[in-house]
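S.K.: just need the structure, nothing else, for what follows:
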Amino acid sequence: MITGFSVALIIISALLLLLVLMHKGKGGGLSDMFGGGMQSSVGGSSVAERNLDRITVVVGLAWFAVIVVLGLLMKFEN
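M.R.: Numbering: from 1, shown residues only. Now for the predicted structure:
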């Protein structure tokens, strides 16, 4: 069971990393260094960006839940 949650944690971590990297830079950070600050956002965020935000939050919550469950399993392993 611990092995299954460990594998799930690795997969969810990789997915979360990819989702965070897909976000558009808001400027003022490292994204400016790679040309992200050259673009101007005219009309707020699009539907795709809002959906990406929602998916990222859900995957982040799943990541947190897997960590909590894995910690509890390891604590009460006896």
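
S.K.: pLDDT below threshold where in this protein?
M.R.: Residue ranges of the chain with pLDDT under 70: 26-45, 78.

S.K.: ok, residue 67 - how many residues close by?
M.R.: By other CB atoms under 10 Å, the residues close to residue 67 number 14. For the C-beta atoms, the positions are set from N, CA and C on the backbone; glycine is no exception.

S.K.: and for the one 10 residues further on?
M.R.: Applying the criterion other CB under 10 Å, we find 8 residues in the vicinity of residue 77.

S.K.: quick one, what contacts the nearest residue to it once chain neighbours are set aside?
M.R.: Counting by CB to CB, 6 or more residues apart in numbering, residue 2 is the residue found nearest to residue 77 once chain neighbours are left out, at 7.3 Å. Neighbouring residues of residue 2 by CB atoms under 8 Å, 6 or more residues apart in numbering: 70, 73, 74, 77.

S.K.: which of those residues are buried? Put it as a ChimeraX command.
M.R.: Selection of buried members from the contacts of residue 2 for ChimeraX, criterion 16 or more other CB atoms under 10 Å:
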select :70
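
S.K.: any idea which residue is closest to the centre of this protein?
M.R.: residue 16 (3.1 Å; CA atoms, centre = their mean).

S.K.: for the helix or strand where that residue lies, C-alpha coordinates in CSV please.
M.R.: Element membership for residue 16 (DSSP states H and E) is helix 2-22. The C-alpha coordinates for helix 2-22 follow below in CSV (Å, rounded to 0.1, in the frame of the first residue of the first chain):
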residue,chain,number,x,y,z
ILE,A,2,2.9,2.3,0.8
THR,A,3,4.5,1.5,-2.5
GLY,A,4,1.3,2.3,-4.4
PHE,A,5,1.0,5.7,-2.7
SER,A,6,4.7,6.4,-3.3
VAL,A,7,4.3,5.7,-7.0
ALA,A,8,1.2,7.9,-7.1
LEU,A,9,3.1,10.7,-5.4
ILE,A,10,5.8,10.5,-8.0
ILE,A,11,3.3,10.6,-10.8
ILE,A,12,1.3,13.5,-9.3
SER,A,13,4.5,15.4,-8.6
ALA,A,14,5.6,15.2,-12.2
LEU,A,15,2.1,16.2,-13.4
LEU,A,16,2.1,19.2,-11.0
LEU,A,17,5.5,20.2,-12.2
LEU,A,18,4.3,20.2,-15.8
LEU,A,19,1.2,22.1,-15.0
VAL,A,20,3.1,24.8,-13.2
LEU,A,21,5.5,25.2,-16.1
MET,A,22,2.6,25.6,-18.5
